[in-house]
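Trainee: Build me a model from this:
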Amino acid sequence: MSPDIDFPRIPDAEFGQRMVNLKTKMAEQSLDLLVLFSNQLDPGHVRYFADVAGINESAALVVPLEGDPIVCSGQACQAWSAHKSRISDVRILPEVGEVAGTEYEIGQQFTFTDLFKELKQRYAIRKIGTVGTLIFPQVIYRQLTDVFSGVPVVNAEGLIFELRMIKSPNEIACMRKAANILDYAFAKTIDALRPGWTELDIHAGIVAEALRGGAEGMAAAWDPMIPSGPVNTQLCMNKNTLRQVQEGEIIDLQAGVLYEGYNAALCTPVVLGTIPPEIADAVLVAEDVALAILGQLKPGATSKGLNDVGRGILNQRGYAGYSPYGLVHTIGCLECESPWLPVDKDLEIRAGMTVCIDVFFFRLPWGSFRYEETVAVQQDGPERLTQFNAGFVRPYFTGGKVGAV
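Mentor: Down below sits the predicted model:
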């Protein structure tokens, strides 16, 4: 079925409550100032609080504990950021602008040094937190420490992910919409798939249907990957090519959809023509693992317990050596979001979490594939947000289909 006509959106009041919650956490950790940085690899930090993500630029958010938050946009995105922002104070700063350093005629340049000096004059800043561990730019960090010389600066990223881990009903509604769009895109693309299509053809089919369905783009920091055959599927992460898919080989459809800043992910293995029994066996084991984890995915379960359930099946069926990482991860403003659910610790599953069951079989003699779907943990158990695999994989791989999909 095609995506429904309902297009949910996070209301302004919820964005306001997020800032209240953030400042509560800041006070608990004695943080007088928080500086968050986002780029296209990790847009969630700023978007979660302001609904702003740069199109061809980065973005930042500066939050004084005792004052109003400030969104920092580059010059090219100044109109877009002001249009999108749920926070009223939007400043234009070149340090988050285009990486080529393009100049715009916008009047006097205002830098992060200027902003930090303004805040230093207005507030008592005794401790500062930064967010964006792997992406925070040196040029902004240097200005921060120069202006606030002697003030301790700590990594506060864990605080943000703690706030983001439990999703509201509005957030889950956006992820449900993303999943609905993704299911439809996979169904339409696989139905049309024929031998001779290139990996890029399949990629284009999924993207076209997703955009027609209302997606704002594909999953943040995770472009669609459609590796095929015994060589390309062994690359784990890949860029799609002009390789033409053939009958009897593994084709791995992996994609995500971004809707209102929230992601859903789906991975589905496909074989055209006669399905080799060794491929069918592996795919059905991967689904057995996913279904076993799904059956335990409820409040009070632990990440170690979930992984143990899946690992038990992998060990029993002889595939443990082909599964290189944990079987469950969180998802939200990123396709793969912190905290990763550890295989060796009892991180508790709570109602409102959204996760991907991600069963990756790597470097089998004939190739690799992922079986993945997106799930919301509700109070009474799991809700499969992506539903395509449930109706497709087992009938397809037990039916020994011959010819086109």
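Trainee: What residues does the most centrally placed residue in the chain make contact with?
Mentor: Among the residues of the chain, residue 335 comes closest to the average C-alpha position under C-alpha atoms, centre = their mean, at 1.7 Å. Applying C-beta atoms under 8 Å, 6 or more residues apart in numbering to residue 335 gives the contacts 219, 220, 221, 222, 256, 263, 265, 356. No exception for glycine: its C-beta is placed from N, CA and C like everyone else's.
Trainee: can we see that at 7 Å?
Mentor: Shown in contact with residue 335 (C-beta atoms under 7 Å, 6 or more residues apart in numbering): 219, 220, 221, 222, 256, 263, 265.
Trainee: so which of these would you say is closest to residue 205?
Mentor: residue 256 (15.2 Å; C-beta to C-beta).
Trainee: Distance check, the closest one against residue 356.
Mentor: Using C-beta to C-beta, to the nearest Å, we find residue 256 at a distance of 9 Å from residue 356.
Trainee: In terms of neighbours, single out the busier of those two.
Mentor: Legend: neighbour count by other C-beta atoms under 10 Å for residue 256 and residue 356, higher for residue 256 (31 against 28).
Trainee: ok, for the more buried one, nearest residue in space, not its chain neighbours?
Mentor: residue 219 (2.5 Å; C-beta to C-beta, 6 or more residues apart in numbering).
Trainee: With residue 376 instead?
Mentor: residue 383 (4.5 Å).
Trainee: So that neighbour versus residue 227, what's the distance?
Mentor: From residue 383 over to residue 227 (counting by C-beta to C-beta), the distance is 29 Å.
Trainee: Who has more neighbours out of these two?
Mentor: residue 227 (26 against 17).
Trainee: Phi and psi next, for that one.
Mentor: When read as degrees, to the nearest 10, the backbone of residue 227 gives phi -70, psi 150.
Trainee: gap between it and residue 217?
Mentor: Going from residue 227 to residue 217 by C-beta to C-beta gives 21 Å.
Trainee: circling back to that earlier point, give me the neighbour count for the residue nearest to residue 256.
Mentor: For residue 219, using other C-beta under 10 Å, the count is 26.
Trainee: Phi, psi for it please.
Mentor: Per degrees, to the nearest 10, the backbone of residue 219 is at phi -50, psi 140.
Trainee: ok, now residue 363?
Mentor: When read as degrees, to the nearest 10, the backbone of residue 363 gives phi 60, psi 40.
Trainee: does the closest residue in space to it that isn't next to it in sequence sit in a helix, a strand or a coil?
Mentor: Leaving aside its sequence neighbours, residue 363 sits nearest to residue 234 (C-beta to C-beta, 6+ apart; 5.8 Å). When classified by DSSP: H, G, I helix; E, B strand; the rest coil, residue 234 comes out as helix.
Trainee: My read is that residue 37 contacts residue 60, right?
Mentor: Yes: the pair residue 37 / residue 60 is scored as a contact, 5.0 Å apart, by C-beta atoms under 7 Å.
Trainee: quick one: the most far-flung residue of the chain relative to its centre and residue 27, what's the gap?
Mentor: The centre of the chain is farthest from one residue, residue 121, which by C-alpha atoms, centre = their mean lies 38.1 Å away. For residue 121, the distance to residue 27 equals 22 Å [C-beta to C-beta].
Trainee: Which residue, neighbours along the chain excluded, lies closest to residue 393?
Mentor: With C-beta to C-beta, 6+ apart as the criterion, residue 393 has its nearest non-adjacent residue at 5.3 Å, and that residue is residue 287.
Trainee: what's around that neighbour, how many residues?
Mentor: Neighbourhood size, residue 287 [other C-beta under 10 Å]: 19.
Trainee: now it: how far from residue 355?
Mentor: Relative to residue 355, residue 287 is positioned 17 Å away (criterion: C-beta to C-beta).
Trainee: Sticking with residue 281, tell me its helix or strand.
Mentor: Taking DSSP states H and E as the definition, residue 281 sits inside helix 277-296.
Trainee: Using CSV, write down the CA coordinates of that helix.
Mentor: Listed next in CSV are the C-alpha coordinates belonging to helix 277-296 (Å, rounded to 0.1, in the frame of the first residue of the first chain):
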residue,chain,number,x,y,z
PRO,A,277,19.8,-23.3,-0.8
GLU,A,278,22.9,-22.0,1.0
ILE,A,279,21.6,-18.4,0.6
ALA,A,280,18.1,-19.3,1.6
ASP,A,281,19.3,-21.1,4.7
ALA,A,282,21.4,-18.1,5.8
VAL,A,283,18.6,-15.6,5.2
LEU,A,284,16.1,-17.6,7.1
VAL,A,285,18.5,-18.0,10.0
ALA,A,286,19.0,-14.2,10.1
GLU,A,287,15.2,-13.8,10.2
ASP,A,288,14.9,-16.4,13.0
VAL,A,289,17.5,-14.3,15.0
ALA,A,290,15.5,-11.1,14.4
LEU,A,291,12.2,-12.7,15.4
ALA,A,292,13.7,-14.2,18.5
ILE,A,293,15.1,-10.8,19.6
LEU,A,294,11.7,-9.1,18.6
GLY,A,295,9.9,-11.6,21.0
GLN,A,296,12.1,-10.4,23.9
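Trainee: packing partners for the next helix or strand after that helix?
Mentor: With elements assigned by DSSP H and E, the helix or strand that comes after helix 277-296 is helix 303-317. Contacts defined by 3 or more C-beta pairs under 7 Å, 6 or more residues apart in numbering; DSSP states H and E place helix 303-317 against helix 277-296, strand 328-330.
Trainee: and these, which is most packed in?
Mentor: By mean neighbour count, with neighbours taken as mean count of other C-beta atoms under 10 Å, strand 328-330 ranks first of the helices and strands packed on helix 303-317 at a mean of 22.
Trainee: now the helices for the chain?
Mentor: Along the chain, counting by DSSP state H, helices occupy 12-28, 44-50, 78-84, 112-122, 138-147, 157-165, 169-192, 199-213, 229-232, 277-296, 303-317, 388-398.
Trainee: which outside residues touch the fourth one?
Mentor: Helix 112-122 is contacted by residues 33, 62, 64, 67, 70, 91, 93, 95, 125, 140, 143-144, 147-148 when judged by C-beta under 7 Å, 6+ apart.
Trainee: ok, now the fifth one?
Mentor: Where contact means C-beta under 7 Å, 6+ apart, the residues beyond helix 138-147 that reach it are 35, 37, 95, 112, 113, 116, 117, 120, 128, 153.
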